[in-house]
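S.K.: below are the sequence and a predicted model; questions follow.
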Amino acid sequence: MQKITITGGHKIHGEIKASGAKNAVLPILAATIVGQGESHIKHVPHLHDVTTMNQLLAQMGASLTVDHHADITICTDNLQNQTAPYETVKTMRASILALGPLVARYGRAKVSLPGGCPIGARPVDLHIKGLQAMGANINVHDGYIHASCDRLQGNRIVMEKVTVTGTENILIAATLAKGETLIENAAIEPEVVDLAKYLKAMGAEIRGEGTSKIYIQGKDQLYGTTHEVMPDRIEIGTFLVAAAITGGSVTVRNSCNDDLDAVFGKLREAGAEIHTTDNSVTLSMHNKRPQPVDIRTAPHPAFPTDMQAQFCALNAIADGTSHITETLFENRFMHVEELNRMGANIHVEGNQAVIKGVEKLSGAPVTATDLRASASLVLAGLAAEGKTDVHDIHYIDRGYEAIEEKMNQLGAKIIRN
Ligand code: EPZ
């Protein structure tokens, strides 16, 4: 298993460009299934999860080329194999996003249940209920979701919980359903809005995206088109925390500032100075030790759960005590024990981490347990004294494009070995 070694004590300083958003490009690639003819997806991040989604679509029968920028040209007109196999789905839960599009365009799908994941049970019952409400015949056996329907019917669907990929699955399926669909209690994450932008460019009739009520007037046909993926707000937030935790400064170009209000607010509370232009953000920490900040994760526009682990690392060296409450996932504090191995003083009680800031962390061998946990360990390694080895680094490659190259460009000392 690969690891990366971080030599701590180097301030982050400089400028980088944000990559495309993982959690936008994955539903958009699944949505190519509902469009006839070629789509060109640009500003695609070079991530393991994108490669996995490309492989899934190709094994279904999509013709797909990836250029040297990782941008994708894809045609899904002849998908003879409407199956998402367990081997693929267990490595990437977002494969579930193929379910709605396959039923909508091809009338059938066989998609493996994703199974558990390190951060929680992560059921897909609301994806299934939404498609059943649109007339899909669904039964679950042998670990697979078997779905079929001659043509989905528009309906009013009230989501019992706010679910990002659940909203996305139903949104994509509804674009080819007969009649109108209303999704209530829909997720309003920016990645849902970017997906809707792509679908509308394909000819879909959608309104209300970005609010909790999304209206879709189904069409008989949609057509492939060109789309540029939005910037990755979680990558941007992660690099801002890298500058904050090392007392340095960073400018991120191609930033989606409007999607980061909650994160900017907490970084300012921690003592960072943040300036924004139309499409960039600059954070300066002026060598200061961060102040402790209390965090409570919740669906957008509240503080994003995908930034929770990064703020555990920042609070670990803060000048005081802080509380971080995780409300979305039942097991998203696995980075805590690893941070404590580096000298942090964090105690988890139920869904809350109580963090007593320490002056300094010490480098140590640690192990990544999930994507954002691995990012928090890298951040802690940047600030720690001595060397930190982060093992099982494949997790970080799922969601961060060339993280060590970008961090080293900013003055970090990271090697992969
Ligand atoms: C998306 O996951 C993101 N992944 C996650 O990012 C992100 O953490 C999460 O949204 C919350 O923002 C992608 O977009 C590919 P949910 P998703 O469905 O859609 C419950 C990362 O690090 N639920 O919004 O799977 C669920 O258990 C990843 O980039 C049901 O009960 O999350 C959870 O408690 C991690 N039944 C809550 O809803 C369902 O059918 C929110 O989950 C679906 C969800």
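M.R.: Ah, there it is.
S.K.: helices of the stretch 301-417 of the chain, start to end?
M.R.: In the stretch 301-417 of the chain, the helices defined using DSSP state H, counting those that start in this stretch lie at 308-316, 334-341, 371-383, 394-399, 403-409.
S.K.: now the residue of the chain most remote from its centre: closest residue in space, sequence neighbours ignored.
M.R.: For the chain, the largest distance from the centre (CA atoms, centre = their mean) belongs to residue 150, which lies 32.5 Å off. Leaving aside its chain neighbours, residue 150 sits nearest to residue 107 (6.0 Å; criterion: CB to CB, 6 or more residues apart in numbering). No exception for glycine: its C-beta is placed from N, CA and C like everyone else's.
S.K.: flag every residue of the stretch 1-150 of the chain that's near the ligand.
M.R.: 22-23, 26, 94, 120, 122-127 (CB under 6 Å from any ligand atom).
S.K.: sorry, slip of the keys, the one I care about is the stretch 201-350 of the chain.
M.R.: So the stretch 201-350 of the chain meets the ligand at 305-306, 328-329 (CB under 6 Å from any ligand atom).
S.K.: just among those, which is most surrounded?
M.R.: For those, the largest number of neighbours (other CB atoms under 10 Å) sits with residue 306, at 22 neighbours.
S.K.: wait, it sits on residue 375?
M.R.: No - Residue 306 sits out of contact with residue 375 when judged by CB atoms under 8 Å, with a separation of 9.1 Å.
S.K.: which residues of this structure fall in helices?
M.R.: Taking DSSP state H, the helices of the chain run over residues 22-31, 48-60, 86-89, 99-106, 125-133, 164-174, 190-201, 233-245, 261-269, 308-316, 334-341, 371-383, 394-399, 403-409.
S.K.: next up, the contacts around residue 243.
M.R.: Contact analysis of residue 243 by CB atoms under 8 Å, 6 or more residues apart in numbering lists 12-13, 249-250, 272, 283-285, 410.
S.K.: please apply the same query to residue 45.
M.R.: By CB under 8 Å, 6+ apart, residue 45 lies in contact with 19-22, 25, 70, 229, 232, 235, 401.
S.K.: re the thing from before, mind listing which of the residues of the stretch 201-350 of the chain next to the ligand are in strands?
M.R.: If you go by DSSP state E, those have nothing in strands.
S.K.: I'd like to know which of those residues is nearest to residue 320.
M.R.: Nearest to residue 320 out of these is residue 305 (CB to CB; 23.3 Å).
S.K.: wait, isn't that closest one in contact with residue 297?
M.R.: Yes - contact status for residue 305 versus residue 297: in contact at 4.1 Å, counting by CB under 8 Å.
S.K.: pull up the overlap in contacts between these two.
M.R.: Joint contacts of residue 305 and residue 297 (CB under 8 Å, 6+ apart) are 326-328.
S.K.: just curious, which of those is nearest to the ligand?
M.R.: The closest of these to the ligand turns out to be residue 328 (CB to the nearest ligand atom; 4.9 Å).
S.K.: ok, and the closest non-adjacent residue to the closest one?
M.R.: Of all residues not flanking residue 328 in the chain, residue 305 sits nearest, at 4.5 Å (CB to CB, 6+ apart).
S.K.: pull the contacting residues for that neighbour.
M.R.: Residue 305 neighbours (CB under 8 Å, 6+ apart): 297, 326-329, 332.
S.K.: who touches residue 407 in this structure?
M.R.: Counting by CB under 8 Å, 6+ apart, residue 407 makes contact with 12, 242, 378, 382, 414.
S.K.: ok, residue 241 to the ligand distance?
M.R.: Distance, residue 241 to the ligand, using CB to the nearest ligand atom, to the nearest Å: 15 Å.
S.K.: could you do residue 91 as well?
M.R.: Distance from residue 91 to the ligand, by CB to the nearest ligand atom: 13 Å.
S.K.: ditto for residue 149
M.R.: Counting by CB to the nearest ligand atom - residue 149 and the ligand are separated by 19 Å.
S.K.: right, and that residue touches residue 106 too?
M.R.: No - if you go by CB under 8 Å, residue 149 and residue 106 don't touch, sitting 10.0 Å apart.
S.K.: who has more neighbours, the two?
M.R.: Counted by other CB under 10 Å, residue 149 and residue 106 do not tie: residue 149 has more neighbours, with 21 against 18.
S.K.: tally of neighbours for the nearest residue to that one once chain neighbours are set aside?
M.R.: Computed as CB to CB, 6+ apart, the closest residue to residue 149 that is not its neighbour in sequence is residue 136, at 4.3 Å. Counted with other CB under 10 Å, the neighbours of residue 136 add up to 24.
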